[in-house]
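**Q** next comes the sequence, and after it the predicted model I'd like to discuss.
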Amino acid sequence: MNSSPSRRSVLAAALAAAGAGAVSTVPAAAAPAGPGRSTPLVDNAFWTSYEDWRSGGHAGTRAVPGARPTLTIAAPAGRTDYLDPHTGKTGTWEYAAWTSPVYRPKVPATEVIASWNAATPAGTWLQIELRGRYSDGTDTPWYVMGRWAAGDGDGSIRRTSVDDQTDGRSTIWTDTFSVDDPASGLRLVSYRLRLTLYRTPGSGLTPVVHRVGVMASDIPDRFTVPVSVPGLARELTVPRYSQNIHAGQYPEYDNGGEAWCSPTSSQMIIEYWGRRPSAAELAWVNPEFADPQVCHAARFTYDYQYKGCGNWPFNAAYAATYRDMSSAVTRLGSLTEVETLIRAGIPVITSQSFLKEELTGAGYGTSGHLMTVIGFTADGDVIANDPASPDNPAVRRVYRRAEWETIWLRTKRYNASGNVASGTGGVCYVYWPATPSAAQRRALRAVGLL
């Protein structure tokens with residue numbers, strides 16, 4: 001389970017549309033069936049092609065063609081000093097920046113989450129910012145969505161979210177942009193992204209950005225959700241790792257394993273795709289600890305401001321540091337969409353919260369937890385790798401479909417009895433090979449990720 005402070009439950013807000021540009025964009029997560037709900041709830045937009053990277057504004061960056069086009073530093077646009085609040089040290093950095101065209105999502109959205117895939121050699125890092133326009137014609141500030149480096153202690157900065165970002169109308173909650181009062185009717189009608197790439201002066205190094213994406217959504221306030229009809233019986237063979245066997249290990253990373261649900265889930269999927277850290281990369285881990293790669297994942301997803309390993313985009317970015325991997329944070333609209341991915345061999349990491357009595361067989365309640373959906377039974381129930389298990393063999397669980405779908409898709413904080421219970425509105429991480437099979441491409445397109 002993820003017990004870290006500072007993340008507000010993803011419940012509220014508002015976002016929508018205005019702009020243009022060469023960008024891959026796919027609406028996803030159609031609204032659940034019901035009166036008056038026929039439009040999509042989610043819009044995914046991605047910049048990943050050579051044409052995408054050539055669009056927008058360049059200040060010292062360049063688009064690099066190839067089988068997997070990238071954005072890199074061509075010539076620095078300037079130098080700047082950065083005081084790292086987590087080390088207390090001030091460093092001087094060369095930088096270059098790319099600003100996307102204005103993009104108009106197809107969904108009047110209440111929240112925005114950015115995610116990215118990049119390599120940052122030691123001595124480099126990047127910053128991701130978002131600026132939007134409200135429905136009344138005014139603009140937000142440039143909000144920092146993350147300062148990120150794959151490593152730590154190697155001449156780079158400490159990866160971090162940025163607190164206390166608000167203009168009194170919207171707020172950044174760790175990794176999520178949210179309009180403060182969606183009931184007011186205020187919406188964000190367009191946005192731009194800005195990527196700033198940093199390197200040690202004179203080094204000639206550069207971050208290499210493969211992909212950046214934004215999920216904009218309009219999830220209604222709801223405590224109950226329609227339950228989808230089962231359509232698949234399949235189980236993927238995914239490694240099983242328990243976070244609980246790491247309790248007390250490396251407490252500097254969110255008090256140790258009991259809070260490592262997110263990196264433990266990420267590591268299971270990374271290894272499902274045949275990737276894992278090398279022996280040299282794991283040499284820092286105490287050799288007496290089982291599954292050292294889970295400790296590694298916790299360290300390299302850790303958000304030094306959030307003081308936890310549950311930053312959604314940081315987990316996706318970590319997965320994409322492995323050879324030829326892609327990732328995204330999005331929202332899906334039902335377990336039917338998860339079935340689409342499972343059918344193509346793609347497991348899904350889902351975020352949910354629930355009271356103990358709301359998920360039969362879990363044996364616990366949580367204000368926030370990540371699990372991996374690896375399949376469905378013949379009755380349509382969810383087969384999940386639940387890292388909140390006493391040991392690795394116990395990780396595989398079967399949970400009732402209706403209960404699972406409810407705790408994952410709902411957003412309302414209180415039920416009719418006043419009990420605290422909320423959900424993320426279908427937030428999930430999806431990881432896949434950078435060159436997916438034809439079946440995988442069709443599935444990813446179907447849920448709005450390609």
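**A** Received it, and whenever you're ready, just let me know what you need.

**Q** from the contact counts, what lies against the strand or helix carrying Ala45?
**A** Element membership of Ala45 [criterion: DSSP states H and E] is strand 40-47. Counting contacts by 3 or more Cβ pairs under 8 Å, 6 or more residues apart in numbering; DSSP states H and E, strand 40-47 is packed against strand 24-30, strand 208-217, strand 325-331. (C-beta placed from N, C-alpha, C; glycine too.)

**Q** cutoff 10 Å now
**A** Counting contacts by 3 or more Cβ pairs under 10 Å, 6 or more residues apart in numbering; DSSP states H and E, strand 40-47 packs against strand 24-30, helix 50-54, strand 109-119, strand 188-199, strand 208-217, strand 325-331, strand 423-433.

**Q** reformat these as JSON lines; add mean pLDDT, mean neighbour count and distance to Thr138.
**A** Shown next, in JSON lines, are the helices and strands packed on strand 40-47 (pLDDT from 0 to 100; neighbours: other Cβ atoms under 10 Å; distance: least, Cβ to Cβ, whole Å):
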{"stretch": "strand 24-30", "mean pLDDT": "50", "mean neighbour count": "19", "distance to Thr138": "24"}
{"stretch": "helix 50-54", "mean pLDDT": "98", "mean neighbour count": "19", "distance to Thr138": "28"}
{"stretch": "strand 109-119", "mean pLDDT": "94", "mean neighbour count": "25", "distance to Thr138": "17"}
{"stretch": "strand 188-199", "mean pLDDT": "96", "mean neighbour count": "25", "distance to Thr138": "10"}
{"stretch": "strand 208-217", "mean pLDDT": "96", "mean neighbour count": "26", "distance to Thr138": "18"}
{"stretch": "strand 325-331", "mean pLDDT": "98", "mean neighbour count": "26", "distance to Thr138": "26"}
{"stretch": "strand 423-433", "mean pLDDT": "95", "mean neighbour count": "25", "distance to Thr138": "26"}
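
**Q** out of the ones you listed, the one nearest Gly137 is which?
**A** strand 188-199 (8.7 Å; Cβ to Cβ).

**Q** output the closest one as PDB - backbone C-alpha positions only.
**A** Extracted in PDB, the C-alpha atoms of strand 188-199 (Å, rounded to 0.1, in the frame of the first residue of the first chain):
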ATOM      1  CA  LEU A 188      -9.200  24.500 -19.100                       C
ATOM      2  CA  VAL A 189      -9.800  24.700 -22.900                       C
ATOM      3  CA  SER A 190      -6.300  24.200 -24.200                       C
ATOM      4  CA  TYR A 191      -2.700  23.600 -23.100                       C
ATOM      5  CA  ARG A 192       0.900  23.600 -24.100                       C
ATOM      6  CA  LEU A 193       3.800  21.600 -22.800                       C
ATOM      7  CA  ARG A 194       7.400  22.800 -22.300                       C
ATOM      8  CA  LEU A 195      10.300  20.500 -22.000                       C
ATOM      9  CA  THR A 196      13.600  22.000 -20.700                       C
ATOM     10  CA  LEU A 197      16.600  19.800 -21.100                       C
ATOM     11  CA  TYR A 198      19.600  20.400 -18.800                       C
ATOM     12  CA  ARG A 199      23.200  19.200 -18.800                       C
END
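
**Q** tell me what angle that strand forms with strand 208-217.
**A** With axes from the mean of the first three to the mean of the last three Cα atoms, to 10 degrees defining the directions, strand 188-199 sits at 160 degrees from strand 208-217.

**Q** show me where the stretch 151-300 of the chain has strands.
**A** Assigned by DSSP state E, counting those that start in this stretch, the stretch 151-300 of the chain shows strands spanning 170-173, 176-179, 188-199, 208-217, 234-235.

**Q** which strands and helices lie in contact with the first one?
**A** What that stands for is strand 170-173. With contacts taken as 3+ Cβ pairs under 10 Å, 6+ apart, strand 170-173 sits against strand 109-119, strand 124-134, strand 143-148, strand 176-179.

**Q** ditto for the shortest one
**A** Using 3+ Cβ pairs under 10 Å, 6+ apart, the elements in contact with strand 234-235 are helix 335-343, strand 366-376.

**Q** and with 7 Å instead?
**A** Contacts defined by 3 or more Cβ pairs under 7 Å, 6 or more residues apart in numbering; DSSP states H and E place strand 234-235 against strand 366-376.

**Q** in its sheet, what does the strand it packs on sit against?
**A** strand 234-235 (antiparallel), strand 348-354 (antiparallel), strand 382-385 (antiparallel) (DSSP bridges).

**Q** ok, back up a step: switch the strands of the stretch 151-300 of the chain over to a markdown table; also include distance to Ser265.
**A** Output for these, formatted as a markdown table (distance: least, Cβ to Cβ, whole Å):
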| stretch | distance to Ser265 |
| --- | --- |
| strand 170-173 | 21 |
| strand 176-179 | 19 |
| strand 188-199 | 27 |
| strand 208-217 | 18 |
| strand 234-235 | 17 |
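
**Q** nearest to Ser228 among these would be which one?
**A** From the strands of the stretch 151-300 of the chain, taking Cβ to Cβ, the stretch that ends up closest is strand 234-235, at 15.6 Å.

**Q** so how far is the closest one from its chain's centroid?
**A** Chain-centre distance of strand 234-235: 25 Å, with Cα atoms, centre = their mean, to the nearest Å.

**Q** ok, stretch 355-367 next?
**A** When distances are taken as Cα atoms, centre = their mean, stretch 355-367 is centred 24 Å away from the chain's centroid.

**Q** now the end-to-end length of it.
**A** End-to-end distance of stretch 355-367 (Cα to Cα, to the nearest Å): 8 Å.

**Q** tell me the mean pLDDT for it?
**A** Regarding stretch 355-367, the rounded mean pLDDT is 94.

**Q** which positions within that stretch qualify as buried?
**A** Neighbour-count burial for stretch 355-367, with 16 or more other Cβ atoms under 10 Å as criterion, is recorded at 355, 358-359, 362, 365-366.

**Q** what of stretch 282-292?
**A** 285, 291-292.
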